[in-house]
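>>> All I have is the shape, not the residue letters:
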C-alpha cells in the first residue's frame, strides 16, 4: 500500500564506504545459497514460459478423457484434470501467460507510476501537488478493491486482470519514484552538477534515473511476485481467461471444485508459492546489494 | 507552534475530503465506460425471452439511458447529501445493504488485526529469543513465506482441516467464534507478516544499542528487557504500518468473506461486481476511501501530539523550510513523504524519528519498513 | 432420476480414488507441510466415508414420515432482487418461491398438468378463452383470500409487469394475452387474441407464482424486501439477510397442496434454511461432514464419489430444450447444410457423458428433452459418425491442409464456441467439443464470458454469432414455435427469418393448434425438419439443477422445472 520507508542514507555521494557496505560488496560477489536457489527457481519458470515444449511433450489442451482425475504418478507428475489433461503440462504451458500478465502489470505500474513520480518530483510546485492528489486517490482505494472494479470495467479476462493489477500498483511506483527523484535532486552532487552548468536532461539521465533505479528495480521485482498473487486471486474469483487457458491462478480456481482431486489445487499453488517466494528473496537481495 | 499545527491539520483535512470526492468520481467513470448494467443483463437472461422494446422501457425507468455526465451529476449530488441511491441488482437502498453488512466486516477486520498483532509479536520475539539458531532463522523467513501464499489457499486449507476434518466449526455458521477466528487468521496472516518484518527490523536495531547492553549488564531479565525497553521503540513504526493496512484488510475481505461465506462488505462487492451493480460498488469504494483517509489522517494528526521528539523535529523542519524528504539524511526512501513545502505526514514523521535516533551508524540493515508491505495488496 | 444404490462399478471407482488420495497425500507432504494437511484431510474423509456406504437406499421412503426437523439447503447464490416477477425464474430464488407461494396448476416432471389452486378449467373451441375455477378456502399468509380478484391481479402483472415500478413481465407468458376478469369470487375468465394452448401449462411455470395483491400494490423497492412478499405456500419467510440466507418456517394451517403430491396438508419440516455458500466444494463437503442436508449444484464429476459414500444424488431434468447449439444458418461456413450436418455427426455424445457427466445424464434424442410429452426420438439424424462428418466436409469442398485444419478457397474452417454462463459444465463440454471438432479439421476457438458480458456480446450480438449454446426450459412445447422463427417477434434462432417456408409452415401449425393431438404431430414433424436441416446440434439432455442430499431426507419431489419441493419431505431423526 503506501510506501513508508525509513531507509538509511545511501551512499549517494561517492566515497562513503562503511565497513557494512564493504561486507555487502563481498556478499554480492557470492550470493547466499537461498538466493542461488531462488534464481534457479526463476530460471526454471523462465524456461517453462519461453519453451514449454522442451519440458513436456504432452498437449496442454488435448487430454485423454478416459484418464480423467488421476492422481500424481510417474506418467503424470501433477496428476490429470477433469478432462484427462496432464496438469504438469498445463502448469508449464500456463507459465508464459502467468509470467506475461505479471510483466504487463509491473510494466504498467513502472511506466505510468514511474513517469508520474518523476514529473512530480522533478518539476515540483503545483504539478507535484496535482499529481500527488491523483496518487492519493489511487492510494485511498484498497488495491485489491481497485483491481476488482477495474477488471469489472474492462471485462473478465486475464489481460484485463493484469491491467487492473498494474493500475493498482501505479500509486506505489509513483510515490517511490517521486521520493527518489526529490532525494537525488536535493543531494549535494546534483547541486554541483547544476552549478557546473549541467542541463535538466543531463541531471535526469545521469543522476536522477540511475540513482532511483536501484530501489525501483527492487520494487519491480517484488511487485512481479505480488502481481502473480493478485492475478491469481482475481482468477480465483472468476475474473480470468476462458478455457483452455491454463494460467496458474485459473488452474487453482478450476481445480478447487474437485475436492476428491486435491492435486488440482495444490500443484499449481505450490508453483505459485515457490515463484513468489523466489521473487521476494531476489528483490530483498537486490536491495541489500549495490 | 499551535497555529502552525492547526493550519497543518486544516490543510490535511481539506485534502482528505477532496480525495474522497475524487475517488467517487473516478470509480463512477471507471464503471460507466463499460457496456452493460445489472438491469439489462437480468432482462437478457434467456429464460426471460423479452423483446428489446420491453427491455428499453425498463432500462429508462432506471435512468440508464441518460448520458454518463447526467448520471454522474445525479449520483454525485445525491452522494453529497448522503444519499447512496438504490441498488440496481437487489432494488434495495444501498445504505440499507451496506449497513446490514458493515458490522460483520468490522468484526472480521478487528479480529484479523488482533490476530496479526499477536502473531507478529510472537514471530518477532521468537526470531530473537528462540533457543535454537536454525529455529530463529526459520522464524525470520516465515514472514516472507506468509507473503507468498495466496490468501485463498490459506482459507481453503483452514476450512478443510478445521471445519470438515476436526469439526471445530460449521461452514453454515460463519459468525460463530471459531469460524470468525479462522477467517481472521486467513485475513491476518499477510498483515502479520508485514508487522513482523517491521518489528524484527526494529528489535534488530534496538538490540544493538548501547543502552541494551547496559541494561543487560545490570542484570535485567531478557523478557523484561524486551517488553519494557525494546518493544516500545520498535513498535512506533508498527503504528504507521497499521494505519496503512486498513485498506488491505478491506481488500482482503473480498476473498476471505467469499471463502468463509461471511456476509460483509467484501462479499457484497463480489456479488455486486458480477452484476455490475454500480451504486453499491461506488458506495463501497467511497466508504473504503473514507475509512482509509480518516485512519491515516488520524495517524498523521496524532503523531506529532504523541511523540515529543517528532514535534520538535517536525517544527524545526517546517521552520527551516526544508523539504520533508530532506529531513536529515534519514527520510531517504520515505515515499509517504510530504510535499516539499514542509508538510508532515506519518512517513516523514517516522523519518524524523529515525533521524533522531542517529541510526546512520548501523548500516543498511536498520529499520526499513520492508517493500513487501508497501506494495502488498491482497 | 435419483440414484438409489451404489453399483459395483462405483465402489471400484471409489477404491481407485482412495488409492489415488493416499499417493496424493504423500506427494503433498513432500511439497509443503501446510498444504499436505489439506490433502491428508481429504484422504481421511474418503476413507471414513467408504464405511458408511451401506445406507444408500435413501430416497425410497424409509417408513412413516416424522414430524419436525430443520432442513439446511446450501445454495451458490440467492440471486439478486426479490421482486417476485423479476426473480421467480431464477434457478436460485425459484427454490424459495416454490415454498412460499402456490401456483394455479401443478406440472410434474413428465409435463403432466394437474389441479392445484385452480380446481378445474375449461377452454373454448379455438383455445382463445379459458375459464378457471378456484379452490375454496385458500388464503395468503396475511389472511387475505386467494380469490378471483387476486388471481386477475396476478395474471395482469405476469403478462404486463409494471414498467413504471421497474417490474418485469414474466418471460414466456403468452404474448397473446388480452385480459382476465373475475366472473365471481372463484371463477376467472381469461381471453387471448389467438389460440393459446400453452396457457394452462404456463400457470405451472416457475414464474407464475401467486402473490398477495397487498404485495403487488407495493413499490418496487418495497417488493424487493422479501419480508413484504406474501404468498399462500406451505412455508412463510421467517427471516432473511441479503447475500446470506433465507429462513422459512412451516405454515400450520396450510391445507391445499397439489393432489399430485399426495401429501396436501402442512409440511413436516419445521424450517428450511437456504444458506449461501459460494464454493461448490464447500457445499458438498458440508453435506458429507453432516453440517447441512442438501448441497445445490455439485460438479457432476464429484457425484459418483458422493453416491458411493451413501449420499443421495438427484439430477432431475427440466422440461425444455436440450443442451446444444442453435446454428445461425446465415453465417459462413454454416450457410452450407453439409457443414451443419457434419458438425452434428462430429460430436461424440458418449464421450461427453462419460467425461463431463455421469451416466445419470442422457444423450439427446431431439432438440427438446425426452420428458417433454411431445418429444420424439430423432437421434439417428445426428448420431456420432466421424467418417460421415469428414466425407460431408470433403463434399462441401473443405479440404484438409497439412496443418490439420480444413480450408476452402484459402479460408480456414473456423468456429468459435461461447460457453453458456448459465450452465456450470458448459466450459468443460465446450473444451471437449473443441477437441472433437479439432480432430475433424475445424479450427476452434473458445470464448467464455461471465453472465453480464455474455448478455452483451452473445445474446445482444450486433454481428451474428454462428453458434449459440442453448440452455432453456419451457413448460409447454408451444413455446418452441414462438422462439424458433422471427414471426411475432420470435427470436429467430437459425437466422433464416421468413426465407425457410417449411420451417414457418410448421411453426404456424404448432402455434395455431387448438388441440394437443394435432399439435403433437406438428411438433414431431418440426423436430425432424430442424434436425435434418442441421439447424440445431443437440449435445446432451440437460440437468441444470443438481442436488446432493443427506440420506436421512425423504419424500422430496421435483416439478417439471426441476425445483426441489420439500412440502412433503421429512427428516429421519
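Structure's in. What do you need? Keep in mind the model is a prediction, meaning the values are calculated, not measured. Numbering: from 1, shown residues only, chains lettered A, B, ... in the order given.
>>> Surely residue C:273 is within a strand?
Yes: according to DSSP: H, G, I helix; E, B strand; the rest coil, residue C:273 belongs to a strand.
>>> Bridged to it, which residues?
Residue C:273 forms beta bridges with residue C:72, residue C:247, as assigned by DSSP bridges.
>>> That one: what's it in contact with?
Going by CB atoms under 8 Å, 6 or more residues apart in numbering or on different chains, residue C:273 touches B:172, C:70, C:71, C:72, C:73, C:245, C:246, C:247, C:248. Every C-beta, even on glycine, is put in place using the N, C-alpha and C of the backbone.
>>> If you tally nearby residues, what's the number for the nearest residue to residue C:409 once chain neighbours are set aside?
Spatial nearest neighbour of residue C:409, chain neighbours left out: residue C:397 (8.0 Å); criterion: CB to CB, 6 or more residues apart in numbering or on different chains. When neighbours are defined as other CB atoms under 10 Å in any protein chain shown, residue C:397 has 14 of them.
>>> Look at residue C:132 and give its secondary structure.
Under three-state DSSP, residue C:132 comes out as strand.
>>> That one and residue C:104 touch, don't they?
Yes: using CB atoms under 8 Å as the test, residue C:132 is close enough to residue C:104 to be in contact (6.5 Å).
>>> list the residues that contact both of these two?
Common neighbours of residue C:132 and residue C:104 (criterion: CB under 8 Å, 6+ apart): C:118, C:151.
>>> What's the separation between residue C:405 and residue A:52?
Using CB to CB, to the nearest Å, residue C:405 is found at 22 Å from residue A:52.
>>> need the helix or strand of the chain with the lowest average pLDDT.
You didn't pick a chain, so chain A it is. Counting by mean pLDDT, DSSP states H and E, the weakest-scoring helix or strand in chain A turns out to be helix A:19-29, with a mean of 47.
>>> Oops, wrong one, chain B.
helix B:346-356 (a mean of 32).
>>> Helices along chain A, start to end?
Along chain A, the stretches classed as helices by DSSP state H are A:19-29, A:33-50, A:52-55, A:87-108, A:114-123, A:125-140, A:143-154, A:158-186, A:188-195, A:200-203, A:209-236, A:248-255, A:263-288.
>>> The fourth one vs chain C: in contact?
What it means is helix A:87-108. No: between helix A:87-108 and chain C, judged by CB under 8 Å from any CB of the partner chain, nothing touches; the nearest distance is 11.8 Å.
>>> is that helix anywhere near chain B?
No: Helix A:87-108 stays out of contact with chain B when judged by CB under 8 Å from any CB, the minimum separation being 10.5 Å.
>>> that older thread, closest to residue B:260 out of the helices of chain A?
helix A:209-236 (13.9 Å; CB to CB).
>>> got a pLDDT number for the residue sitting nearest the centre point of chain A?
Ranked by distance to the mean C-alpha position of chain A (CA atoms, centre = their mean), the top residue is residue A:224 at 0.7 Å. On pLDDT, residue A:224 comes in at 89.
>>> Ok, residue C:225 next?
At residue C:225, the model reports a pLDDT of 93.
>>> Tell me where the chain is predicted with low confidence.
Since no chain was named, I'll use chain A. Along chain A, the parts satisfying pLDDT under 70 run over A:1-29, A:188, A:241-244, A:289-290.
>>> um, chain B though
Counting by pLDDT under 70, chain B has low-confidence residues at B:1-2, B:33-54, B:57-58, B:61-62, B:220-223, B:225-237, B:240, B:303-378.
>>> quick one, longest helix in it?
The helix spanning the most residues in chain B, taking DSSP H as the definition, is helix B:94-129.
>>> What parts of the stretch 1-150 of chain B come near chain A?
When proximity is defined by CB under 8 Å from any CB, the stretch 1-150 of chain B lies next to chain A at B:15, B:18-20, B:22-23, B:26-27, B:30-31, B:33-34, B:144-145, B:147-150.
>>> Any of these buried? List them.
Listed as buried from the residues of the stretch 1-150 of chain B next to chain A are B:15, B:19-20, B:22-23, B:26-27, B:30-31, B:34, B:144-145, B:147-150; burial here means 16 or more other CB atoms under 10 Å in any protein chain shown.
>>> Can you list phi and psi of residue C:276 for me?
Backbone geometry at residue C:276, expressed as degrees, to the nearest 10, gives phi -80, psi 120.
>>> What's the local residue count around it?
For residue C:276, using other CB under 10 Å, the count is 24.
>>> what sits against it?
Going by CB under 8 Å, 6+ apart, residue C:276 touches B:261, B:263, C:74, C:75, C:76, C:77, C:78, C:243, C:244, C:245.
>>> Does stretch A:165-176 reach chain B?
Yes: Stretch A:165-176 reaches chain B (CB under 8 Å from any CB) through A:168, A:169, A:172, A:175, A:176.
>>> can you check stretch C:441-455 too?
Yes: residues of stretch C:441-455 contacting chain B under CB under 8 Å from any CB: C:450, C:451, C:452, C:453, C:455.
>>> Tell me which residues of that stretch come out buried.
Going by neighbour count (16+ other CB under 10 Å), the buried part of stretch C:441-455 is C:441-444, C:446-455.
>>> Show me which of these has the smallest pLDDT value.
residue C:452 (68).
>>> ok, of the contacts of residue C:273, which come out buried?
Looks like the contacts of residue C:273 have B:172, C:71, C:72, C:73, C:245, C:246, C:247, C:248 buried, using 16+ other CB under 10 Å.
>>> how close does the fourth one sit to residue B:32?
Which is residue C:73. When distance is defined by CB to CB, residue C:73 is 38 Å away from residue B:32.
>>> May I have the distance across stretch B:203-216, first residue to last?
15 Å (CA to CA, to the nearest Å).
>>> do that stretch and chain A meet?
No: on the criterion CB under 8 Å from any CB, stretch B:203-216 is out of touch with chain A, staying 10.0 Å away.
>>> Stretch C:172-179: how far from the chain's middle?
Relative to its chain's centre, stretch C:172-179 lies at 22 Å (CA atoms, centre = their mean, to the nearest Å).
>>> what residues go with each domain of chain C?
As given by the TED database, the domain ranges for chain C are C:70-316+C:546-571, C:320-541.
>>> mind putting these in a markdown table, distance to residue A:189 included?
Shown next, in a markdown table, are the domains of chain C (distance: least, CB to CB, whole Å):
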| stretch | distance to residue A:189 |
| --- | --- |
| domain C:70-316+C:546-571 | 57 |
| domain C:320-541 | 54 |
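>>> Figure out which of the ones you listed is closest to residue B:189.
Judging the domains of chain C by CB to CB, what sits closest to residue B:189 is domain C:70-316+C:546-571, at 19.3 Å.
>>> what about that closest one, distance to the chain center?
On the basis of CA atoms, centre = their mean, domain C:70-316+C:546-571 sits 14 Å off its chain's mean C-alpha point.
>>> Could you tell me the end-to-end distance of that domain?
End-to-end distance of domain C:70-316+C:546-571 (CA to CA): 8 Å.
>>> next one: phi and psi at whichever residue of the stretch 1-150 of chain A sits closest to chain C?
Closest residue of the stretch 1-150 of chain A to chain C, CB to the nearest CB: residue A:71 (3.4 Å). Torsion angles at residue A:71 (phi, psi; degrees, to the nearest 10) stand at phi -70, psi 170.
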